[in-house]
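**Q** need coordinates for the below:
(one chain, ligands or ions: 1)
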Amino acid sequence: MDIENINIKSSIGVIGGIITSSESRRGILIPTLHKMQLENGYLPEDLLRLLSKKLSIPLAEIYSVASFYKQFHFTPRGKNIVRVCTGTACHVRGSSKVVDALQNRFNVKAGETTEDLKLTLETVGCVGCCGLAPVVTVNEGVVGAVGPKKLKGLIHDIEEGDDNGKS
Ligand code: FES
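**A** Numbers count the residues shown, from 1 in each chain. A predicted model of the protein is given here:
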C-alpha cells in the first residue's frame, strides 16, 4: 500500500479492513501518524480515536508512541514555526533578547502557538550555524545574525502573513 498517496480518513477504513496481524497494524502506525501530521499540521484527537478503533490499538498506546517522537504534535501549529536557537554561541550573542521580544510581541511563551495560528514559538539547541549567531529558523528557512533590524522585519513578516520569515 502506498501510504504517501492515501487520504487519512478514508485510508483508516481501508487499513483497518486489510491489516489483520498485530505486528502489521503496529508497523503501519508510524507512517499513518506521519501522514496525518502532514495533512493536518498536528494529530487531532478525533482522528487518533478513529485510528485506534480501526487498527485495534489502544488510544493510550498510540499517544505513547506518538509522544516519543518530537515531530508529532497534539495541538494545532502556527503557520510560521519560529525556533530561536538558544545554544551557547547564540546565547552569548543575545538569543534570550530575541526570545523575549517575540514572546512579548505575540503574547506567547516559548512552546506556545498564538490564537490566530500565525506563530508557533519554540526554542531549540544548536542548529549548526554558530557562525551566524544569533540564529532563528522560520519554517525551513534560517535567519542569521538576528539583530534589532532583522527582528523587526521578522515580526513584520509574521504579522503580515509572509511565511518566508526572511527580511
Ligand atoms: S549555538 Fe546557535 S547555531 Fe549553534
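**Q** right, and the helix or strand after the helix or strand containing Q103?
**A** Using DSSP states H and E, Q103 falls within helix 95-106. For helix 95-106, the following helix or strand on the C-terminal side (DSSP H and E) is strand 119-124.
**Q** quick check: angle from that next one to helix 95-106?
**A** Here the directions of strand 119-124 and helix 95-106 differ by 160 degrees (axes from the mean of the first three to the mean of the last three Cα atoms, to 10 degrees).
**Q** which residues are contacting strand 119-124?
**A** Applying Cβ atoms under 8 Å, 6 or more residues apart in numbering, the contact partners of strand 119-124 are 77-86, 99, 102-103, 106, 108-114, 137, 158. (C-beta placed from N, C-alpha, C; glycine too.)
**Q** related to what we said a few turns ago, just checking, what packs against the helix holding Q103?
**A** Under the contact criterion of 3 or more Cβ pairs under 8 Å, 6 or more residues apart in numbering; DSSP states H and E, helix 95-106 touches strand 80-85, strand 119-124, helix 148-160.
**Q** who's in contact with that helix?
**A** Contacts for helix 95-106 (Cβ under 8 Å, 6+ apart): 82, 84-86, 108-110, 114, 118-119, 121, 123, 133-136, 146, 151, 155, 158.
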